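**Student:** Sequence and predicted model, in that order:
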Amino acid sequence: MSTEACHPLSNPVNTCETRRKTYERLIQCRTGRHAFVGEYFSSFVPLGDPSCPCGEPFQTREHVIASCPTYESKRDIPRSASDLVVTDLLGTEKGIEALIEFLNETDAFKKLNRANPNRTDLQLPLPSE
């Protein structure tokens, strides 16, 4: 997949080959808002589990990109653009291109069931009555 012609602020449907779902995850990751990680859940869904499926007690986008063992086999992708400096990956063209490839190759930042990360439907616990 070529992302060379894709500006990070452009519409992926019209101007580049980035899939819509990947583009959505990219924007969520870049802005830090509504990214499906524990950091988001702790702020907006207090009943959600903020831990990472790998066992890290508080999942952040930095953890997912730079150190989560779940994605270690694909870590060479973002590392090719930066020494895993998250601001470089989120804010430079080379970093964004690497991040798009990383997202295409992984399920990072997808909406997952927090109790069972292999399921893609989000089921949050109901409040206690």
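**Tutor:** Nice, thanks for sending it over.
**Student:** got the residue ranges for the helices in the chain?
**Tutor:** 12-15, 20-31, 38-44, 61-66, 76-79, 86-91, 93-105 (DSSP state H).
**Student:** Pro50 is nearest to which of these?
**Tutor:** Judged by Cβ to Cβ, the one of the helices of the chain that comes nearest to Pro50 is helix 38-44, at 3.3 Å. Quick note: C-beta positions are derived from backbone N, CA and C, even for glycine.
**Student:** From Pro50, how far off is the residue nearest the centre of the chain?
**Tutor:** In the chain, the centroid-proximal residue (Cα atoms, centre = their mean) is Phe109; its distance is 3.0 Å. From Phe109 across to Pro50, the span is 15 Å (Cβ to Cβ, to the nearest Å).
**Student:** Hmm, Gly38 and the residue nearest to the centre of the chain touching each other?
**Tutor:** No. Applying Cβ atoms under 8 Å as the test, Phe109 and Gly38 come out as separate, 11.7 Å apart.
**Student:** which stretches of this structure have low pLDDT?
**Tutor:** 1-18, 33, 112-129 (pLDDT under 70).
**Student:** go with 90
**Tutor:** 1-53, 58-61, 82, 84-91, 93, 107-129 (pLDDT under 90).
**Student:** Can you give me the neighbour number for Val37?
**Tutor:** 24 (other Cβ atoms under 10 Å).
**Student:** And for Glu39?
**Tutor:** So Glu39, with other Cβ under 10 Å, has 18 neighbours.
**Student:** show me the contacts for it.
**Tutor:** Gly32, Pro50, Phe58, Gln59, Thr60, Arg61 (Cβ atoms under 8 Å, 6 or more residues apart in numbering).
**Student:** Most neighbours among these, which one?
**Tutor:** Gln59 (24 neighbours).
**Student:** Okay, that residue and Thr70: tell me how far apart.
**Tutor:** With Cβ to Cβ as the criterion, Gln59 and Thr70 are 10 Å apart.
**Student:** Kind regards, and thank you for your time.
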